[in-house]
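Student: need a 3D model of the sequence below.
(4 chains)
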Protein chains: 2
Amino acid sequence: MSARTTDSARDIPEATVARLPVYLRALITLADQGTATCSSEELAAAAGVNSAKLRKDLSYLGSYGTRGVGYDVDYLRYQIAREIGVTQDWPVVIVGIGNLGHALANFSGFRSRGFRVVALLDADPRRHGEVVAGIDVRDFADLGSIVREHGVAIGVIATPASAAQDVADSMVEAGISSILNFAPTVIAVPDGVDVRKVDLSIELQILAYHEQRKQAEAVS
Amino acid sequence: MSARTTDSARDIPEATVARLPVYLRALITLADQGTATCSSEELAAAAGVNSAKLRKDLSYLGSYGTRGVGYDVDYLRYQIAREIGVTQDWPVVIVGIGNLGHALANFSGFRSRGFRVVALLDADPRRHGEVVAGIDVRDFADLGSIVREHGVAIGVIATPASAAQDVADSMVEAGISSILNFAPTVIAVPDGVDVRKVDLSIELQILAYHEQRKQAEAVS
DNA sequence: CTCGTTTTGTTCCCGCGTTCACAAACTCCT
DNA sequence: AGGAGTTTGTGAACGCGGGAACAAAACGAG
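Tutor: Numbering: from 1, shown residues only, chains lettered A, B, ... in the order given. Here you go, the predicted model:
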């Protein structure tokens, strides 16, 4: 902590951070199509946001565009990737190799963004030795040594809700400081550890709420 | 549309709607533990939010608490469930039965919240007839008739990004008005259709950004 | 070189959401 | 019955994020 003047580290609003990966994906798509330059208007359309918002977001990173011209796709793509940190390699462990764990282990989107699954862990001994996505499932008790060996900072929880808090505690103790939680429960972690949660059921419930209101409107 | 006075339909802020399912889950956990009554402080702790925020959120639904006492767990649970709409049955179709589609089809959290998977669809003929989670995979072309037959309002997209827009278009045409999109791409839909997206890779990238900054701080 | 055109970067304003703080209301004990 | 103690519901202040609008900068034509 403490103030410093690392020039690359102005503080970027959280809402902007959440959109940068979307811009990055849009830029990759544009690059694949052979587009060399794009305006904020085009990129905003591809990312599904307002162009003023896009420009403001990018301005937090620096002045990477050219007035009257637009943005160089490859250059901007690299700058965003660097800012997010996906130019480096991030070792990741996945705990809980059920249906969801399988899907995550096989998900190609991780690999292509600099995330490398270094271990799959499960508490159930019957799963140990099983090979998923070319990686063999190991004992959850090995977490500590794996984290030390590979310098893992990011952990993914794909266990049932009942196990999630214990897994999180073990992850923190092992030195992991960023957790992506798919278990449908709130987990508590000490300060300095980031948690993001993805809850499929919650997303559906939000849709159901709006759907219910739409249907109520329709019959009125 | 148009203004009406359905007393149950004051407009609830979007941020509150997104938290109601979390409260509901916390209440179910409390009920399972045999708790009959809880204070806003306790419930807030279980849901991982500030107690003032919880009280304000609940106040949008009505005055379901008792001052000096707290909230009746079962009663509040029912009221929230009714407000979200999960007291009724929501038929759902899942399109794209790859790794993720498998996991979603088997996910028990849907069933327990009033969501019923009525069909699994895939464009690949080799998958047709395969049985996943007790439901057999059918041709994507059957979407329209299935939606009509079951009155499906909610669709889940679990296809690769390249197919997502086409699937969304077909869903909208079939009459689906709420879409949960797991494909890593922005999809465009007409007004009146709600889309929520879940992007695993984006969540990890957000964690990576913060992790990078923590590590930069650590060496300074 | 100068003017018109295009597009970025930024300023300003507004509205939503969060939090504090307190009044209203209910229970329990004496 | 009345007062002390609790806990809800809400009014008010504050800060963040979104969007419109504009000034600054680059390019091209003549």
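Student: going forward, measure contacts between C-alpha atoms and count neighbours the same way
Tutor: Fine.
Student: in terms of helices and strands, where is A:Val156?
Tutor: Assessed by DSSP states H and E, A:Val156 sits inside strand A:154-157.
Student: what's that strand packed up against?
Tutor: strand A:90-95, helix A:161-174, strand A:178-181 (3 or more Cα pairs under 8 Å, 6 or more residues apart in numbering or on different chains; DSSP states H and E).
Student: the helices in chain A, which residues?
Tutor: Under the criterion DSSP state H, chain A contains helices at A:14-32, A:40-47, A:51-59, A:73-84, A:99-106, A:108-111, A:143-150, A:161-174, A:200-219.
Student: just name the most buried of those helices.
Tutor: Greatest average neighbour count among the helices of chain A goes to helix A:99-106 (a mean of 21), per mean count of other Cα atoms under 10 Å in any protein chain shown.
Student: ok, back up a step: out of the helices of chain A, which gets nearest to B:Ala183?
Tutor: helix A:108-111 (10.3 Å; Cα to Cα).
Student: and chain B, is that closest one touching that?
Tutor: Yes. For helix A:108-111, a contact with chain B is found by Cα under 8 Å from any Cα of the partner chain, at A:Gly109, A:Phe110.
Student: mean confidence score for whichever strand in chain A runs longest?
Tutor: Ranked by residue count under DSSP state E, the longest strand found in chain A is strand A:115-122. For strand A:115-122, mean pLDDT is 98.
Student: and that strand, what other elements does it pack with?
Tutor: Contacts defined by 3+ Cα pairs under 8 Å, 6+ apart place strand A:115-122 against strand A:90-95, strand A:135-139, helix A:143-150.
Student: ok, the residue nearest in space to the middle of chain A to chain B distance?
Tutor: Nearest residue to the geometric centre of chain A (Cα atoms, centre = their mean): A:Leu180, 7.8 Å. For A:Leu180, the distance to chain B (Cα to the nearest Cα, to the nearest Å) stands at 7 Å.
Student: thinking again about what came up before, now do the strand holding A:Val156, average pLDDT.
Tutor: Here the average pLDDT along strand A:154-157 is 98.
Student: partner strands of that strand and their direction?
Tutor: Looking at strand A:154-157 with DSSP bridges, its partner strands are strand A:90-95 (parallel), strand A:178-181 (parallel).
Student: would you put the C-alpha positions of that strand in CSV?
Tutor: Extracted C-alpha coordinates of strand A:154-157, given in CSV (Å, rounded to 0.1, in the frame of the first residue of the first chain):
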residue,chain,number,x,y,z
ILE,A,154,-5.9,-17.2,-8.7
GLY,A,155,-8.2,-20.0,-7.6
VAL,A,156,-11.5,-21.1,-9.0
ILE,A,157,-14.1,-22.7,-6.7
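Student: distance between it and the chain's centre?
Tutor: In terms of Cα atoms, centre = their mean, to the nearest Å, the centre of strand A:154-157 is found 10 Å from the chain centre.
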